[in-house]
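1. Pasting a predicted model and its sequence here:
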Amino acid sequence: MASEPVSGDEFAAWVSPHVPVMGYLAARLVGPSERDDVVQEALVRAWSKRHTFDPDRGTPRVWLLAIVADRARRLRARRKDEPLLAKNNRAVVNAEDGGAVDLERAVATLPPRMRMTIDCVYFVGLTVAETADVMGVSTGTVKSTLSDARERLRSALEVRS
Amino acid sequence: VNDLDEDLLELGAQWRAAQPPLHIDVASCTSLTRRRRPTRLVVTAITATVLAATAVVIATTRHNTHRVVVVERPTPSGTAPAVIKVGVEISQVQALALAGGRIWVTGNSPDGGSAALDEYSLETGQRVATVRLSDDWPFAAAAGTTSVWVRSQQNEESTHLYAIDRSTRRITISKTLHVDGGLAVTSDAVWVIDPGIGLLQLDPTTGATVRTIPLPDDRYGPSQVTAGPLGVWLASPYNGSVLRLDQTTNEVHPVVDVGASAGQLVELDQSVWVAADDALFEIPINDPTHTRRVNIGHRILDLVTNGRDLYIADDGLKPVLRVDPSTLTVSTVALPTTPKPIVLLAADPASSEIWGATTLGAPARLIRVVP
């Protein structure tokens, strides 16, 4: 679609392919209990602000994900004292996978910006460029943050082993 | 690097596969758009009625986008109320302020439109005035000497700081900020955190920015602020750091790290007290290394002080908790009623009064916690 959707049906068709990834990002940022609320609120915002979407400045997917990130951050601001990224957001369903548990725990201890970068790239499945757009930083910053985060993770895992 | 990269990719894929399906009705989102208030400069109505020896005056004015409804009622004789029912113009209370025998309540409008700021008399329990804000989501309020200050947001690109004159109930200052953050008001300054911009000191009479102090970690830095005799203190929910403003150098320095989620903070005696997740920390300003911790057991939602004790609302569905600052003893405050959980508190150090608000269910109620 060259420009923003006009009708409700157009909007639904426009956003539907991106709803699952919006859910992934919301789940990483606010946790499973508030994931759906954040996605729903983001979609309401997207509908009301659809005229501001500029295809020359990015894809609908990134535009929608940026709204999800903003909604999640504002939700935490309203709750005042929530950490940046959600707790109780376990990736590992197989408790016997000790290595994965350690890695997941190590990810949880990363500073917020590093953790968000790791979340966007590895858990939500975004590209470096998409992550940069969602976080409002340059691709270079994402790459360097990823490098620093991996270094921290490696150190943490070495200490535990 | 490659092994770690592959492990992370596998972990991420495993996590995505384990996610339960979303329950989203995309079609309904297009019918939930919030209304924006029209901008008009019209005085719509002024109505005055005199009833016998008492007077009821209702005046409705539109000033820019802000409608002011003033309701003056006679003061009845009898005891002051312990519970005040919030008017239907507020569907969910978001912030409170308390001073001079008045409590200000701000929250969302039931129709999703512009938020309201209600003023109630603690003596009569009656609503004295309602001020309409142009944003739909207020999130902080504080009472100053002559004004009540409210921070609110409308959408991704709009957040404001309002000053409402306590005498005229007119919005005298409307300052556009960038991102939502903390608010603290003293007699000679207003402090706001505008994440990504910094800590702003504002002139309380004009709202003009007196100075901007850079903060660490850009938009993910300190977001809570308090100001008082012990100085200006900040807390970061993102890394647990508590920071202090050095007003001689205009720099903010970390003082102590209380762990994750450093939230609201207040000054009492010679210490700064910080809520951090399910614990309360005392940070003696003369020796911050001797931090004391009080386990509350549930996540702290609000923290205030009346100049004698600390009061906490938590998410444990308990009544309000009182913390003795000397002994750190935690006790439950006996309330005049057994309402839904109190999740917001407001304190007036001048009178030592504490009030709380319920936000679940309509109508919300204001509860006198400490007379």
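-> Sure thing, it's come through.

2. contacting residues for the residue positioned nearest the centre of chain A?
-> In chain A, the C-alpha nearest the mean C-alpha coordinate belongs to A:Leu25, at 3.2 Å (CA atoms, centre = their mean). With contact set as CB atoms under 8 Å, 6 or more residues apart in numbering or on different chains, A:Leu25 has these partners: A:Leu65, A:Val68, A:Ala69, A:Ala72, A:Asp119, A:Cys120, A:Val124, A:Val134. Using the backbone N, CA and C atoms, a C-beta is placed for each residue, glycine as well.

3. pretty sure it is in a strand, no?
-> No. Secondary structure of A:Leu25, determined by DSSP: H, G, I helix; E, B strand; the rest coil: helix, with no strand assignment.

4. That one and A:Pro111, how far apart?
-> Between A:Leu25 and A:Pro111 the distance, using CB to CB, to the nearest Å, works out to 19 Å.

5. tell me which element the closest residue in space to A:Ala72 that isn't next to it in sequence falls in.
-> Nearest residue to A:Ala72 in three dimensions, chain neighbours excluded: A:Leu29, at 3.8 Å (CB to CB, 6 or more residues apart in numbering or on different chains). According to DSSP states H and E, A:Leu29 maps onto helix A:19-30.

6. Check which residues of that helix are buried.
-> Along helix A:19-30, these residues count as buried under the neighbour rule (16 or more other CB atoms under 10 Å in any protein chain shown): A:Val19, A:Val21, A:Met22, A:Gly23, A:Tyr24, A:Leu25, A:Ala26, A:Ala27, A:Arg28, A:Leu29, A:Val30.

7. Return the distance of that helix from the chain's centre.
-> The chain centroid and the centroid of helix A:19-30 are separated by 6 Å, computed with CA atoms, centre = their mean, to the nearest Å.

8. counting contacts, what elements does the strand or helix carrying B:Gly263 pack onto?
-> With the criterion set as DSSP H and E, the secondary-structure element containing B:Gly263 is strand B:262-268. In terms of contact count using 3 or more CB pairs under 8 Å, 6 or more residues apart in numbering or on different chains; DSSP states H and E, strand B:262-268 is assigned the packing partners strand B:224-228, strand B:231-235, strand B:241-246, strand B:271-276, strand B:300-305.

9. Now render these as a markdown table, adding mean pLDDT, mean neighbour count and distance to chain A.
-> What follows is the helices and strands packed on strand B:262-268, written out as a markdown table (pLDDT from 0 to 100; neighbours: other CB atoms under 10 Å in any protein chain shown; distance: least, CB to the nearest CB, whole Å):
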| stretch | mean pLDDT | mean neighbour count | distance to chain A |
| --- | --- | --- | --- |
| strand B:224-228 | 96 | 22 | 7 |
| strand B:231-235 | 96 | 24 | 9 |
| strand B:241-246 | 95 | 20 | 11 |
| strand B:271-276 | 95 | 25 | 6 |
| strand B:300-305 | 92 | 24 | 7 |
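
10. so which of these comes closest to B:Gly113?
-> The closest approach between B:Gly113 and any of the helices and strands packed on strand B:262-268, judged by CB to CB, belongs to strand B:300-305 at 26.1 Å.

11. hmm, who's touching the closest one?
-> Contacts of strand B:300-305 from elsewhere in the structure, counted by CB under 8 Å, 6+ apart, are A:80-81, B:263-268, B:273, B:275-280, B:310-315, B:343-347, B:349, B:354.

12. now these: which count as buried?
-> When those are checked against 16+ other CB under 10 Å, the ones flagged as buried are A:80-81, B:263-268, B:273, B:275-280, B:310-314, B:343-347, B:349, B:354.

13. shaky segments in the chain?
-> You didn't pick a chain, so chain A it is. Applying pLDDT under 70 to chain A picks out residues A:1-5, A:77-101, A:159-161.

14. nope, chain B
-> Residue ranges of chain B with pLDDT under 70: B:1-2, B:30-79, B:155-157, B:218-219, B:260, B:317-318, B:338-339, B:359-362.

15. Tell me which residue in the stretch 151-300 of chain B sits closest to chain A.
-> In the stretch 151-300 of chain B, no residue comes nearer to chain A than B:Gly263, which is 3.0 Å away by CB to the nearest CB.

16. Now do the contacts for that residue.
-> For B:Gly263, the contact set (CB under 8 Å, 6+ apart) comprises A:Lys80, A:Asp81, B:Gln224, B:Ala235, B:Pro237, B:Val274, B:Ala275, B:Ala276, B:Asp277, B:Ile300, B:Leu303.

17. three-state assignment of B:Thr205?
-> At B:Thr205, secondary structure determined by three-state DSSP is coil.

18. what about it, how many residues close to it?
-> Summarising burial for B:Thr205: neighbours were counted as other CB atoms under 10 Å in any protein chain shown, giving 15.

19. Look up how far B:Leu177 lies from it.
-> Here the distance between B:Thr205 and B:Leu177 works out to 18 Å (CB to CB).

20. what does B:Asp165 give?
-> On the measure of CB to CB, B:Asp165 and B:Leu177 end up 20 Å apart.

21. Between these two, which is the more surrounded one?
-> Neighbours per residue (other CB under 10 Å) separate B:Asp165 from B:Leu177, with B:Leu177 holding more: 19 against 14.
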